[in-house]
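Colleague: Build me a model:
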Amino acid sequence: MRINSQPMMLKEAPRAIAVSPFGDRVYLANPGVAGSLRNLRRPRGTVTVVDPHARSEVARILVGRNPSGIAVDPDGERIYVANSGSNDVSIVDVRAAAETSRVEVGKQPWALACSGDRLYVANAHANTMSVVDTDAQRVLDTVRTGRRPTSLVASPSGDRVYVCNNDATVSAIDTRTLGTVATIEVGRNPVDTALDPSGTRLYVANRLSQSITVIDTTVLEAIQTIQLSTLSHRPGLGLFGVAFGDPVLPEPLAVGVSGDGTRLLVAFWEAGTLAVLDARSGSRVSETQLDDAKYSIGPIEIAADWPNRRLYVSCADHALVTVRDEL
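Modeller: Numbering: from 1, shown residues only. The predicted structure follows:
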């Protein structure tokens, strides 16, 4: 993987990221203040639409309050945005660049996964997953999960959804029966999940355990733990970027997989670094510092565009980083 050392700077600070199926657009959900002063207490959020090839913003769309997750449907015609502040999902028409409707879901929807005509919504404060029919634009069912689900991913075949729960578990849910077929123990404070292209390896980023759990989805068991504590990170930053204090712990906030499944991309927000790991051995291939002397660029979420061999990283400090998916 080759990381672009010159990130695209954005007008707003994004939280979540998604890529169109064709790789021609990157969508970023921004929870920041938008609109008039009367909305400051509970502001509406926005979605920034970026042309990644021209490295330019082409649209900005108003959505619900405090958007925390974003997904694109398989044909690229709609965007779905989880609004954790208004407990609903915005449905956005891509061509019109406008929100067309909303669907009420559980309390504090945090993450989304789209598969066919189904949208799966992790409701963090409700400890549930909403199943939405995207054609009818209504909730079909609600499924119990573990405590505080904050990430989820659908299998390539669409037969399972893997939900990452804050109680150090992953729930494997059969999408036909909507039953939990396995509950798999992982590390402390799991915050992100990523499947390899074959769908046979699930990688879970455990923030407080400073590790990546590898799950074999064919047997629904954890088969490996990649410890990240050996990764070297800079000291904490003080005023004007001056380094001081104890080193920042290597706590992963996001994980992505290369298109051939051989490499992992791990984001460390507090340290401002991206690490490339060998997916099988867990050994470090490279590590890149994203900040400079003045500004710390904290990576928070990763989206893969496998057909065009790219991964995109949204950063809390108004930045979008492009990673070339190549050896």
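
Colleague: so where's the stretch 1-150 of the chain shaky on pLDDT?
Modeller: Counting by pLDDT under 70, the stretch 1-150 of the chain has low-confidence residues at 5, 33-43.

Colleague: Spatially, what comes nearest to Val63 if we skip its sequence neighbours?
Modeller: Computed as C-beta to C-beta, 6 or more residues apart in numbering, the closest residue to Val63 that is not its neighbour in sequence is Ser90, at 4.0 Å. Backbone N, C-alpha and C define where each C-beta goes, glycine included.

Colleague: and if you look at Arg147?
Modeller: Asp167 (4.0 Å).

Colleague: Next one, pLDDT for the most centrally placed residue in the chain please.
Modeller: Ranked by distance to the mean C-alpha position of the chain (C-alpha atoms, centre = their mean), the top residue is Glu301 at 4.4 Å. Note on Glu301: pLDDT of 91.

Colleague: thought it was touching Val313?
Modeller: Yes - here Glu301 reaches Val313: they are 7.2 Å apart, a contact under C-beta atoms under 8 Å.

Colleague: Quick check: phi and psi on the closest residue to Gln289 other than its chain neighbours?
Modeller: Excluding the flanking residues, the one nearest Gln289 by C-beta to C-beta, 6+ apart is Thr273, at 5.4 Å. Main-chain dihedrals, Thr273, degrees, to the nearest 10: phi -130, psi 160.

Colleague: hmm, back to that, secondary structure element for the residue nearest to Val63, which one?
Modeller: Using DSSP states H and E, Ser90 sits within strand 88-93.

Colleague: Look up which helix or strand the residue nearest to Arg147 falls in, please.
Modeller: Under DSSP H and E, no helix or strand contains Asp167.

Colleague: likewise the one 3 residues further on?
Modeller: When secondary structure is defined using DSSP H and E, the element that contains Val170 is strand 169-174.

Colleague: Overlap of the contact sets of Glu301 and Val313?
Modeller: Ile17, Ala254, Ala267 (C-beta atoms under 8 Å, 6 or more residues apart in numbering).

Colleague: Leaving out the residues flanking it, which one is nearest to the second one?
Modeller: Setting aside the residues directly before and after it, Ala254 is nearest to Ala267 in space (C-beta to C-beta, 6+ apart), at 4.1 Å.

Colleague: Find the helix or strand that the one you found is a member of.
Modeller: Ala267 belongs to strand 263-268 when assigned by DSSP H and E.

Colleague: in the stretch 201-327 of the chain, which spans are strands?
Modeller: Using DSSP state E, counting those that start in this stretch, the strands of the stretch 201-327 of the chain run over 201-206, 211-216, 221-227, 235-237, 243-247, 254-257, 263-268, 273-278, 284-289, 299-305, 310-315, 319-324.

Colleague: right, so of those strands, which gets closest to Gly45?
Modeller: strand 310-315 (13.7 Å; C-beta to C-beta).

Colleague: Let's see the closest one as PDB, backbone CA atoms only.
Modeller: The C-alpha trace of strand 310-315 is given here as PDB (Å, rounded to 0.1, in the frame of the first residue of the first chain):
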ATOM      1  CA  ARG A 310      -7.800   2.400  -3.500                       C
ATOM      2  CA  LEU A 311      -8.700   2.900   0.200                       C
ATOM      3  CA  TYR A 312      -9.800   6.200   1.600                       C
ATOM      4  CA  VAL A 313      -9.300   7.400   5.200                       C
ATOM      5  CA  SER A 314     -11.500  10.100   6.800                       C
ATOM      6  CA  CYS A 315      -9.700  12.200   9.400                       C
END
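
Colleague: which one's the longest strand in the protein?
Modeller: strand 56-65 (DSSP state E).

Colleague: tell me which residues in it are buried?
Modeller: Residues of strand 56-65 classed as buried: Glu57, Ala59, Ile61, Val63, Gly64, Arg65 (neighbour count, 16 or more other C-beta atoms under 10 Å).
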